[in-house]
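S.K.: Any chance you could fold what I've pasted below:
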Amino acid sequence: MPELRGPRGCLTGAPAVAKAPAPPLPLSGRLGLWVAEIDPETLGVIRAVGTNPDSVFPLASTYKQAVLWALLREFDAGRLSPTERFDVTRGSQSLGAYPFDGMNVRDLSTRMIQWSDNTATDILHRRVGLGRVQAVADRLGLCRTRLILPTRDWWAAQSGLSATFSGTSRWAGATGAERLRLASLIDADARRYPAGYIQRQLDLYFDHRYRPADDLLAHNLSTPYELGTLLAHEFLRPGLSPRALRWQREVMALGFGRRALRAEAAGNVAFFGGKGGNGWRLLTYSGYFQTKDGRQVVYAFMQHGADQTYTMPNTRRAFAWINAGIDAVIGVQTPRPPAPKPGQPSSWKR
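M.R.: All right, here's what the predicted structure looks like:
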């Protein structure tokens with residue numbers, strides 16, 4: 001099943017595949033899943049299962065892998081050095097923990113993926129350029145995928161602190177130069193406020209005015225199928241130099257998910273790269289792995305409007321469903337028996 005694109009170059013909807021197995025453990029809200037084995041030569045789908053693969057969901061921190069990919073393209077183009085250093089300013093600090101002043105690009109990229117550091121992400125996103133991060137999706141024809149806003153921008157917009165966002169009806173449907181123009185104005189609005197003030201206004205918004213539909217206006221977005229397509233290209237055809245490719249794989253291997261895969265417990269993962277994200281009533285997990293026998297697998301899980309406001313405890317439930325999808329695509333992954341402790345015989349019986 002090759003990738004298909006319409007007249008405007010947009011990737012068409014997901015191919016007709018079997019419905020994903022039902023979640024083994026209860027999950028609330030609106031759910032999406034795409035699990036596919038990918039042909040490494042054509043990047044077409046060999047086998048896949050999906051649930052709501054063409055529905056649009058907020059990405060939360062899952063989008064940060066696109067910042068890394070765009071950054072590495074800038075590195076290859078000679079426009080960015082891994083040793084370039086940055087200080088954290090009032091205008092660049094985002095919500096949550098943040099890096100020390102003077103941290104270099106290479107270390108910021110690690111913090112962005114391994115620890116999902118929002119300030120590290122925003123520093124790198126702005127350094128690369130809003131449009132160049134969005135171009136990660138645009139080059140692939142992922143016309144329902146938005147990657148253009150740094151983290152503090154969508155929170156400032158959602159909490160009512162961006163006059164541009166609040167004052168236009170064009171943002172939701174904007175593309176190309178118009179989307180970049182509006183995103184730049186939203187970014188300028190967001191940088192006017194200290195992070196602590198944005199956090200307080202955001203808390204008030206979530207306590208009193210939250211609507212799930214607002215997430216689809218403010219956040220970066222994708223569909224399970226489009227994100228899975230991005231993953232296939234990101235890991236199998238990234239268009240990077242050997243040095244940049246090594247940087248990408250080293251950093252993305254630090255992302256969350258490998259230990260949550262039954263394929264890992266079965267000793268069947270040769271390489272893994274992943275990223276997750278969470279927010280108010282939303283949770284996302286995505287990843288790519290190569291099996292020991294050379295199969296290429298991508299997955300994208302999305303939850304929006306969960307009953308839980310803090311969704312990280314849903315991780316075990318999310319991966320139970322992801323693993324069920326993987327089993328349906330490449331066969332049941334049976335965890336190996338635990339290794340016996342030194343000096344003790346194994347209790348495993350065949």
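
S.K.: In contact with Leu33, which residues?
M.R.: Going by C-beta atoms under 8 Å, 6 or more residues apart in numbering, Leu33 touches 20, 49-53, 224, 299-302, 321-322, 325. Every residue, glycine included, has its C-beta placed from N, CA and C.

S.K.: Which strand residues bridge it?
M.R.: As for beta bridges, Leu33 partners with Thr51, Phe301 under DSSP bridges.

S.K.: okay, it: pLDDT?
M.R.: For Leu33, the pLDDT comes out at 99.

S.K.: Kindly report the same for Gln344.
M.R.: We have a pLDDT of 63 for Gln344.

S.K.: which intervals of the chain have sub-threshold pLDDT?
M.R.: 343-350 (pLDDT under 70).

S.K.: residue boundaries of the strands in it?
M.R.: Remark: strands assigned in the chain by DSSP state E are 18-19, 30-38, 45-51, 57-58, 85-86, 103-104, 221-222, 269-279, 282-291, 296-304.

S.K.: now these as JSON lines including distance to Leu72?
M.R.: Shown next, in JSON lines, are these (distance: least, C-beta to C-beta, whole Å):
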{"stretch": "strand 18-19", "distance to Leu72": "35"}
{"stretch": "strand 30-38", "distance to Leu72": "21"}
{"stretch": "strand 45-51", "distance to Leu72": "26"}
{"stretch": "strand 57-58", "distance to Leu72": "25"}
{"stretch": "strand 85-86", "distance to Leu72": "17"}
{"stretch": "strand 103-104", "distance to Leu72": "15"}
{"stretch": "strand 221-222", "distance to Leu72": "20"}
{"stretch": "strand 269-279", "distance to Leu72": "13"}
{"stretch": "strand 282-291", "distance to Leu72": "16"}
{"stretch": "strand 296-304", "distance to Leu72": "19"}
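
S.K.: just so I know, which of the ones you listed lies nearest Cys143?
M.R.: strand 221-222 (10.5 Å; C-beta to C-beta).

S.K.: Count the residues that sit near Pro338.
M.R.: 10 (other C-beta atoms under 10 Å).

S.K.: any idea how far Ala265 is from it?
M.R.: From Pro338 across to Ala265, the span is 10 Å (C-beta to C-beta, to the nearest Å).

S.K.: mind checking the backbone torsions on Val88?
M.R.: phi -90, psi 120 (degrees, to the nearest 10).

S.K.: Relative to Thr151, which of the strands of the chain is closest?
M.R.: strand 269-279 (9.9 Å).

S.K.: for that closest one, which positions count as buried?
M.R.: Of all the residues in strand 269-279, those buried under the rule 16 or more other C-beta atoms under 10 Å are Val269, Phe272, Gly273, Gly274, Lys275, Gly276, Gly277, Asn278, Gly279.

S.K.: centre of the chain versus that strand, how much separation?
M.R.: 8 Å (C-alpha atoms, centre = their mean, to the nearest Å).

S.K.: And Gly255, how far from Arg179?
M.R.: Taking C-beta to C-beta, one finds Gly255 at 27 Å from Arg179.

S.K.: And Ala339, by the same measure?
M.R.: Going from Ala339 to Arg179 by C-beta to C-beta gives 53 Å.
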